[in-house]
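Peer 1: Sequence first, then the predicted structure, then my questions.
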Amino acid sequence: MTKIKKLLNKKALRVTTAILLIVLSFILCATYFRNNIVPIVIESSEAQVRAIGTNAVNLAATTVLQENIKYEDLFTVVKNEKGDIEMIQANSPRINSIARQIANLAQANLDDLGVQNLDIALGTFTGLALLTGFGPDVSIKIMPIGTANCDFVSTFISAGINQTIHRIYIDVYADIDVITPIADPTICVKAEVLVCENVIIGKIPDTYLMLGNSGDILNLSPSS
């Protein structure tokens, strides 16, 4: 009877030890996965999506602006009888139309991205700098899902006595959710494109213009 108890105790000890080893191994693997593999996948996926997302919004802006928009198409400098500048009037319908075209095309470009393949060298997952980039590639499927918007930005730069350069930029930006098997980070990409510029002769008054339905306000205060 005593021998049987001893055998049972030994068996129970072995089972308990095996369970503890399995649990410990699981904890170690989970810790390694969280500390090494997850950050690598997230950083790599963010870098890849940032590149293709930036290209998508850049392409939208440059495509729409290929028609060579002139300053006079967007703004009118209003002067009084003495030739002094009273205000700079924005062509709201034209500005809003350009903004809508770029935003819509940028959104279409983002929607067309589809599922992307992210290839990471196996050695990179070790976390060792010497092994980064070595070994066969591990392919991971990622899906970028984004929404695009754009804003016009007006800047004034002093170019001498009573001479000011008025530059109009358009900022195209997109918030992109990166869907991966292990995490869903969100990144923001932005592209700034020069639309047109003009040298204005005369002192520019401190004026604020509301751009139609866009809800965006251009600060037309000159800055040096």
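Peer 2: Cool, got the structure. The shown structure was predicted, so the numbers you read here are calculated from the model rather than taken from an experiment.
Peer 1: Just list whatever residues bridge to the residue most central in space within the chain.
Peer 2: Centrality entry for the chain: nearest residue to the mean C-alpha point is V189, 1.7 Å, by Cα atoms, centre = their mean. In this entry, V189 is beta-bridged to A174, by DSSP bridges.
Peer 1: Where does pLDDT dip in this protein?
Peer 2: Residue ranges of the chain with pLDDT under 70: 1-13, 28-36, 122-135, 204-224.
Peer 1: try 80
Peer 2: 1-21, 23-41, 67-68, 80-87, 119-139, 158-162, 182-183, 202-224 (pLDDT under 80).
Peer 1: just the helices in it please.
Peer 2: 2-32, 38-64, 71-74, 92-111 (DSSP state H).
Peer 1: Check which helices and strands the shortest one sits against.
Peer 2: Using 3 or more Cβ pairs under 8 Å, 6 or more residues apart in numbering; DSSP states H and E as the contact definition, the elements that helix 71-74 packs against are helix 92-111, strand 163-179, strand 186-201. (C-beta placed from N, C-alpha, C; glycine too.)
Peer 1: Now find how far off-centre the longest one is within its chain.
Peer 2: Translated: helix 92-111. 17 Å (Cα atoms, centre = their mean, to the nearest Å).
Peer 1: What about E46, how many residues nearby?
Peer 2: Close neighbours of E46, defined as other Cβ atoms under 10 Å, add up to 19.
Peer 1: V195 too?
Peer 2: 22.
Peer 1: With A174 instead?
Peer 2: A174: 25 neighbours (other Cβ under 10 Å).
Peer 1: do K82 as well
Peer 2: There are 7 residues near K82, going by other Cβ under 10 Å.
Peer 1: Could I have the CA atoms of the top strand by length along the chain written out in PDB?
Peer 2: Longest strand in the chain by number of residues, with DSSP state E as the criterion: strand 137-158. Extracted C-alpha coordinates of strand 137-158, given in PDB (Å, rounded to 0.1, in the frame of the first residue of the first chain):
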ATOM      1  CA  ASP A 137      10.400  36.100 -45.600                       C
ATOM      2  CA  VAL A 138       7.300  35.600 -43.500                       C
ATOM      3  CA  SER A 139       4.300  37.000 -45.500                       C
ATOM      4  CA  ILE A 140       1.500  38.700 -43.500                       C
ATOM      5  CA  LYS A 141      -1.700  40.100 -44.900                       C
ATOM      6  CA  ILE A 142      -2.700  43.600 -43.900                       C
ATOM      7  CA  MET A 143      -5.600  45.800 -45.000                       C
ATOM      8  CA  PRO A 144      -5.500  49.600 -45.000                       C
ATOM      9  CA  ILE A 145      -8.900  51.300 -44.500                       C
ATOM     10  CA  GLY A 146      -8.800  55.100 -44.700                       C
ATOM     11  CA  THR A 147     -10.800  58.300 -45.000                       C
ATOM     12  CA  ALA A 148      -9.400  61.300 -46.800                       C
ATOM     13  CA  ASN A 149     -10.000  65.100 -46.400                       C
ATOM     14  CA  CYS A 150      -8.300  68.300 -47.500                       C
ATOM     15  CA  ASP A 151      -7.900  71.900 -46.500                       C
ATOM     16  CA  PHE A 152      -6.600  75.000 -48.200                       C
ATOM     17  CA  VAL A 153      -3.900  76.900 -46.400                       C
ATOM     18  CA  SER A 154      -3.000  80.500 -47.100                       C
ATOM     19  CA  THR A 155       0.400  82.000 -46.300                       C
ATOM     20  CA  PHE A 156       1.800  85.400 -46.700                       C
ATOM     21  CA  ILE A 157       5.600  86.100 -46.900                       C
ATOM     22  CA  SER A 158       7.000  89.600 -47.000                       C
END
